[in-house]
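Q: One predicted model, sequence on top.
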Amino acid sequence: MDPADGFPVGTPYGMPASLSRHSYAHFAAGSVTFTALIAACYVLGRHFGRAGNRGRALTSRVAGTAPLLGNGWAMSGGEAGTLTLAIGVITAMARISATAFRYRRGL
């Protein structure tokens, strides 16, 4: 992302007139990463659903929907978009981490 809205200190408030190639790369990398994170949660949801574990299937699907909604809200310019994106991503990463922990421990 390009400097904007007074961050870092000394940067004028407001959005820059044009985006740099670094910003475009940032958006592209984020899009690929968030799509993979969302897909991983839905794949886990399907796996747990087929295994008969409805609770884990539901939480995996909810965790996959959280970054989808957070990213959509952030990209639409919604109020506190960065916060909603962060909450969504943390939710999904926590679900995947919990699954990895359980499988690692053989639970």
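A: Here it is on my side, so go on.
Q: Tell me which other helices or strands the longest helix seen in the chain touches.
A: Using DSSP state H to define each element, the chain has its longest helix at helix 21-50. Under the contact definition 3 or more Cβ pairs under 8 Å, 6 or more residues apart in numbering; DSSP states H and E, helix 21-50 sits against helix 54-75, helix 81-105. All C-beta spots, glycine's among them, are computed from the backbone N, C-alpha and C.
Q: Turn those helices into JSON lines, columns for mean pLDDT, mean neighbour count and distance to residue 17.
A: Shown next, in JSON lines, are the helices and strands packed on helix 21-50 (pLDDT from 0 to 100; neighbours: other Cβ atoms under 10 Å; distance: least, Cβ to Cβ, whole Å):
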{"stretch": "helix 54-75", "mean pLDDT": "95", "mean neighbour count": "18", "distance to residue 17": "20"}
{"stretch": "helix 81-105", "mean pLDDT": "95", "mean neighbour count": "15", "distance to residue 17": "21"}
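Q: Average pLDDT for the longest helix of the chain, rounded please.
A: The average pLDDT for helix 21-50 rounds to 94.
Q: if I pick the residue nearest to residue 87 when sequence neighbours are not counted, what's in contact with it?
A: Excluding its sequence neighbours, the residue lying closest to residue 87 (Cβ to Cβ, 6 or more residues apart in numbering) is residue 70, at 6.1 Å. Shown in contact with residue 70 (Cβ atoms under 8 Å, 6 or more residues apart in numbering): 84, 85, 86, 87, 88, 89.
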